[in-house]
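Participant: Quick one: sequence plus predicted model below, questions after.
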Amino acid sequence: MPSTSQLRGYIDIIGYLVVFIMATNASTGVRANATCGRELGMKNGDIRNEQISASTTFTSTLGPWKPSYARIGNQYAWYPSSYDTNQWLQVDLRQQIAISGVQTQGHHHSGDSYYVKSFKLNYRVDTGFRWQEAFQGKIFEGSRAADQIKVNTFTTPIVASAIRFLPQTWHTGIALRVELLGCDLSEIPTTRSPTISPVTTVSAVTSSTESTGNSSAVSSSTIPIAAGAAGGLLLLIFIIVTAIVCR
């Protein structure tokens, strides 16, 4: 039977192993996310105007503030006809893409600052699928100034063919300019599993650096590898401690 001091020594060694493995997993996640984070085409126009739609559009003497204006860095922006949480801005990618993050930006109009302070994301895996709440309805932090570009990145990419921004809170009113970050499915890092299965579904008939940190969703068929490693590590620790105590 080992002495108390020996047991403490064994526990210290196990603790060092835990810290080492967790640090390795964390750094792997950062590298993986960096390989799937290119701009998907809102800013440069690769995503065409007809792929961008919205719940409503505000029309003034200057004309409509159309969804197609909702591009990061654009002179104009999308404004809805009313300011409430039923409004949304939709980007249809027309194919399944791994989305690893989003950028949002507000707008200056008539001397006032308009920007979205918080928002949710809904996404659709493919045409004909129901809309789903991203990451169990997580509320993302938005901008704190009209021209600030706020970046939100995800640990686990969302596999989607379309995505919606749903403003929850705002300053003065809702104005959005956005960009999507991600990569083709073939480029998804093997250290993370993409989110495909729904966590919460919503009706299809629906008229942070600056990143806020990583967000991940675990569905019934999607478990990040880091979680599996942690479970295996706990089992290993249990076996080692049991073997020592029973000697």
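Facilitator: Arrived safely, thanks for sending.
Participant: C-alpha only now, for contacts and for neighbours.
Facilitator: Noted.
Participant: where do the helices sit along this structure?
Facilitator: 4-34, 225-245 (DSSP state H).
Participant: Mind naming the longest strand for the chain?
Facilitator: Longest strand of the chain, by residue count under DSSP state E: strand 150-171.
Participant: For it, C-alpha coordinates in PDB please.
Facilitator: In PDB, the C-alpha atoms belonging to strand 150-171 read as follows (Å, rounded to 0.1, in the frame of the first residue of the first chain):
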ATOM      1  CA  LYS A 150     -17.700  42.800 -34.600                       C
ATOM      2  CA  VAL A 151     -16.300  39.200 -35.100                       C
ATOM      3  CA  ASN A 152     -17.900  36.100 -33.600                       C
ATOM      4  CA  THR A 153     -16.100  32.800 -34.300                       C
ATOM      5  CA  PHE A 154     -17.400  29.300 -33.700                       C
ATOM      6  CA  THR A 155     -15.300  26.300 -32.400                       C
ATOM      7  CA  THR A 156     -17.600  24.000 -34.300                       C
ATOM      8  CA  PRO A 157     -18.400  25.100 -37.900                       C
ATOM      9  CA  ILE A 158     -22.100  25.100 -38.900                       C
ATOM     10  CA  VAL A 159     -22.800  23.200 -42.100                       C
ATOM     11  CA  ALA A 160     -25.500  25.300 -43.900                       C
ATOM     12  CA  SER A 161     -26.800  26.400 -47.200                       C
ATOM     13  CA  ALA A 162     -28.500  29.500 -45.800                       C
ATOM     14  CA  ILE A 163     -28.200  31.600 -42.600                       C
ATOM     15  CA  ARG A 164     -30.300  34.300 -41.000                       C
ATOM     16  CA  PHE A 165     -29.300  37.100 -38.600                       C
ATOM     17  CA  LEU A 166     -32.100  37.900 -36.100                       C
ATOM     18  CA  PRO A 167     -31.400  41.200 -34.200                       C
ATOM     19  CA  GLN A 168     -32.400  41.000 -30.500                       C
ATOM     20  CA  THR A 169     -31.200  44.400 -29.200                       C
ATOM     21  CA  TRP A 170     -30.000  47.600 -31.000                       C
ATOM     22  CA  HIS A 171     -28.900  51.200 -30.600                       C
END
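Participant: hang on, the earlier thing: the helices of the chain: lowest mean pLDDT?
Facilitator: Among the helices of the chain, helix 4-34 has the lowest mean pLDDT, at a mean of 43.
Participant: Contacts only, for Thr67.
Facilitator: Not Thr; residue 67 is Pro. Residues near Pro67 by CA atoms under 8 Å, 6 or more residues apart in numbering: Asn49, Ile52, Ser53, Ala54, Thr57, Ala77, Trp78, Tyr79, Leu89.
Participant: Could you identify the most distant pair in those?
Facilitator: Farthest-apart pair in the contacts of Pro67 is Asn49 and Tyr79; separation 15.4 Å (CA to CA).
Participant: Please identify which of the two sits among more neighbours.
Facilitator: Neighbour tally, Asn49 and Tyr79, criterion other CA atoms under 10 Å: the higher count belongs to Tyr79, 29 against 16.
Participant: lowest-confidence helix or strand of the protein?
Facilitator: None of the helices or strands of the chain scores lower by mean pLDDT, DSSP states H and E than helix 4-34, at a mean of 43.
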